[in-house]
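Peer 1: A structural model of the following input is requested.
(2 chains)
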Protein chains: 2
Amino acid sequence: MRSFMYHQPTRLFFGRGQIRHLGKEAAKYGSRVLLVYGGGSIKRNMIFESVARELEKYGLEYKELGGISPNPLLQRVVEGVRLAREQKTDLVLAVGGGSVIDTAKAIAAGVYATGDLWNMFLGREPITRALPVGTVLTLAATGSEANEHAVITHEGAKKKCAIHSEMIIPKFSVMDPEYTFTVSPRQTAAGVSDIMAHLFEQYFSPDAEAVITDYLTEAVLRVCVEMGPRAFRDGRDMEARANLMWASTVALNGLMGLGKKTDWSVHKLSHELSARYGMIHGETFSILYPAWLRYVADNDKGHRMARLEKLLFQAPDGSPEGFAEKLENFYRSLKLPIRLSEREVGPEQFEQMASSIIDLYGTIGAFRILDYNDIVHIYRLSL
Amino acid sequence: MRSFMYHQPTRLFFGRGQIRHLGKEAAKYGSRVLLVYGGGSIKRNMIFESVARELEKYGLEYKELGGISPNPLLQRVVEGVRLAREQKTDLVLAVGGGSVIDTAKAIAAGVYATGDLWNMFLGREPITRALPVGTVLTLAATGSEANEHAVITHEGAKKKCAIHSEMIIPKFSVMDPEYTFTVSPRQTAAGVSDIMAHLFEQYFSPDAEAVITDYLTEAVLRVCVEMGPRAFRDGRDMEARANLMWASTVALNGLMGLGKKTDWSVHKLSHELSARYGMIHGETFSILYPAWLRYVADNDKGHRMARLEKLLFQAPDGSPEGFAEKLENFYRSLKLPIRLSEREVGPEQFEQMASSIIDLYGTIGAFRILDYNDIVHIYRLSL
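Peer 2: The predicted model follows:
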């Protein structure tokens, strides 16, 4: 096993009615809250009202930054930073899913940035401080509620980039599975696909020694495959919603990558599709993973694909192609796209997207290292 | 799933050579360290020297409290508290296994106790403050390196009791699997048995909804069954030592009990045996678990025993008796005792032990609630 440092400092309040902890937790950091949220569904389903009530109970004043979109934009981060400086914000509180939380994290760090905020995302300005962040989660998908990552899209540059810093790990998160009851089947499916992508990125490793991490990852993948279709069919299935919500957190709070090299190449291919075509994050993975699995199958010395086919889909024997096929069928059962053509994306920008990735990162991946030609090839397989 | 609050604030430095982080981490808390350790093996295998060198590098001064025994005694905690008050200790640093770490935690809390230290263990004095605790782990077993528990024995009263408080969660732990290479086969086996007991106590639950927690627990149990015999045979098997060390942490850092009721009755039966006969903690479980499993088999509505028999021991079909038998064989393969008679313990004190448990806790357990008669019966089955 490779060396690592691990901790999970976010205080996670999980379960029905846990919003009751919000006021007390938030008040630990001061009295001025910047409340970040998305398209307004939280105002329709009363979550906003519960949040406001809890904040008022503890005498906290809040300013609002609403309308954060999926694939959240840098421009809203800039706006949030201005608001936070004006308000002298003590706590940035995200009420929403990954896009909202990532925006809140970027604002929290951005308040202390000295120059162009995008420099943080290009690695040109280190993050040494950030305002405290808290979250009230309304979507099981990104794991952003308990990790150090935030992904933001630069609309002008058509780039989607991430920051990673201990400084932006949320101090607390309220995780009430009932808050996800009204998530649509399409968003639910995309969330499941996102969780599984996080697990695949870490599972497909050239290392074999971190057996415990592999087994833990397989356990969470099983939960996705069993509970995903249930939540897709019945949004109010509490058991499915709760297990998926906790799966989203442990899938990307560090635990599933401990002691091994992780891959993360498919995320880079995904970000190009979202930045250029506005594709939903989770829907890029149901398209890209089957293609990636087939392309890198020869590197699967540890027979991980066969293991997953047996474990997740009860195949008597497994194979890379068998796993890719069964995974496609699983995605299809959730009405997720499995080809770019289903989203009207053609091959026109494949070369540009590959160049853009290579410019940013050089080669990518670990299970198999991918260069420009590999990337173009995987995009082609996704058509 | 039941509601919970979870966090894992301990900074865990895992891997070969991670001792290099010790000085910097320790220095965060001040300059005076109370160094707690066990029987002196760390002086023979050079771990003490590495620790001292790291502390000196950062100008930290330390006082020593050595000779902490397995089933650690209150008397040594009292001595440690006196030393810590005298030294004006800034950090209690445990270098050892669970006994040493638990002693350090009890000292850290005891420094602020107003009366008899044992009152903390009887729940009569709440723990509201504690000195910071750090650890350098030398044995994979108790998980004490990353949790809020400490178990101490009152020699006079023949009682072994626990404290549980967020205040005593270690701030950091150094976990170098190489530090466990010299652990004897007998201690290694006892450690594996202890880790598995922690998992069983949480796995055998009357609740079925926390599917993700169940799957994660099964994953760690598999690691124990696969890696335990390897470390038992070859103490220098790095892969086995590393996987077991991480298994010990995740088995009892809270994760494996999330969202469900947990049992913990067998630990109470174990503590009586250790307090009265000085039995090694892990060796009580290889005796008690087969007996407990058989006694409570009728309560296994979720077929958890059969599932484990299939998963851990590749049985085509599983049953409670089959699992109990195969588990006995597994314990035997590690040369662990499976009957009290192998440790010259007879039935003389069964009634007293049962009374003592009932006096302390009333009825115990959750998978099945046990009263006085049940407890006596399980002890008899262990003969």
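Peer 1: Which neighbouring elements make contact with the helix or strand A:Val95 falls within?
Peer 2: A:Val95 belongs to strand A:91-96 when assigned by DSSP states H and E. On a contact count with 3 or more CB pairs under 8 Å, 6 or more residues apart in numbering or on different chains; DSSP states H and E, strand A:91-96 meets strand A:32-37, helix A:47-57, helix A:98-110, strand A:133-137. In short, each C-beta sits where N, CA and C put it, glycine included.
Peer 1: Select, out of the ones you listed, the one closest to chain B.
Peer 2: Within the helices and strands packed on strand A:91-96, the stretch nearest chain B is strand A:133-137; the backing value is 13.2 Å (CB to the nearest CB).
Peer 1: Next up, the contacts around the most centrally placed residue in chain A.
Peer 2: In chain A, the centroid-proximal residue (CA atoms, centre = their mean) is A:Thr142; its distance is 2.5 Å. By CB atoms under 8 Å, 6 or more residues apart in numbering or on different chains, the contact set of A:Thr142 is A:Gly97, A:Gly98, A:Ile101, A:Asp102, A:Asp194, A:Ser248, A:Leu252, A:His281.
Peer 1: Out of those residues, grab the one that's most surrounded.
Peer 2: Counting neighbours by other CB atoms under 10 Å in any protein chain shown, A:Ile101 leads these with 34 neighbours.
Peer 1: What pLDDT is listed against that one?
Peer 2: For A:Ile101, the model assigns a pLDDT of 98.
Peer 1: picking up where we left off before, and the strand holding A:Val95, how far out from the chain's middle?
Peer 2: Computed by CA atoms, centre = their mean, to the nearest Å, the separation of strand A:91-96 from the middle of its chain amounts to 16 Å.
Peer 1: if we can go back for a sec, out of the contacts of A:Thr142, which comes closest to B:Glu56?
Peer 2: The nearest member of these to B:Glu56, counting by CB to CB, is A:Leu252 at 39.5 Å.
Peer 1: Skipping adjacent residues, who's closest to that closest one in space?
Peer 2: A:Gly143 (3.0 Å; CB to CB, 6 or more residues apart in numbering or on different chains).
Peer 1: what sits against the one you found?
Peer 2: Counting by CB under 8 Å, 6+ apart, A:Gly143 touches A:Gly98, A:Ile195, A:His198, A:Ser248, A:Thr249, A:Val250, A:Ala251, A:Leu252, A:Asn253.
Peer 1: Looks like the first one contacts A:Leu137 (just checking).
Peer 2: What that stands for is A:Gly98. No - with contact defined as CB atoms under 8 Å, A:Gly98 does not count as touching A:Leu137 (9.1 Å).
Peer 1: what distance separates the lengthiest helix in chain A from the centre of its chain?
Peer 2: Assignment by DSSP state H gives helix A:211-233 as the longest helix of chain A. Relative to the centre of its chain, helix A:211-233 is centred 16 Å away, using CA atoms, centre = their mean.
Peer 1: what comes into contact with the helix or strand of chain A with the lowest mean pLDDT?
Peer 2: Across the helices and strands of chain A, the lowest-confidence element by mean pLDDT, DSSP states H and E is helix A:41-44, at a mean of 87. The contact list for helix A:41-44 (CB under 8 Å, 6+ apart) reads A:Phe48, A:Glu49, A:Val51, A:Val95, A:Gly96, A:Thr138, A:Thr182.
Peer 1: Buried among those? Make that a ChimeraX selection.
Peer 2: Command for ChimeraX that selects the buried part of those, burial taken from 16 or more other CB atoms under 10 Å in any protein chain shown:
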select /A:48,51,95,96,138,182
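Peer 1: Pipe the contacts of helix A:41-44 into a markdown table and attach pLDDT per row.
Peer 2: As requested, those are exported to a markdown table (pLDDT from 0 to 100):
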| residue | pLDDT |
| --- | --- |
| A:Phe48 | 95 |
| A:Glu49 | 95 |
| A:Val51 | 97 |
| A:Val95 | 98 |
| A:Gly96 | 97 |
| A:Thr138 | 97 |
| A:Thr182 | 94 |
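Peer 1: that older thread, quick check: pLDDT value at the residue nearest to the centre of chain A.
Peer 2: For A:Thr142, the model assigns a pLDDT of 95.
Peer 1: what's the answer for A:Ile357, then?
Peer 2: In this model, A:Ile357 is scored at 97, pLDDT.
Peer 1: just A:Ala366 next, same as before
Peer 2: 98.
Peer 1: ok but it is inside a helix, no?
Peer 2: No - applying DSSP: H, G, I helix; E, B strand; the rest coil, one finds A:Ala366 to be coil, outside a helix.
Peer 1: What is the neighbour count of it?
Peer 2: Neighbours of A:Ala366 under the rule other CB under 10 Å: 18.
Peer 1: cool, A:Ala306 as well?
Peer 2: By the criterion of other CB under 10 Å, A:Ala306 has 18 neighbours.
Peer 1: Also A:Gly67?
Peer 2: The number of residues packed around A:Gly67, counting by other CB under 10 Å, is 12.
Peer 1: Pull up the gap between it and A:Gly40, please.
Peer 2: Plainly put, A:Gly67 is 7 Å away from A:Gly40 if you go by CB to CB, to the nearest Å.
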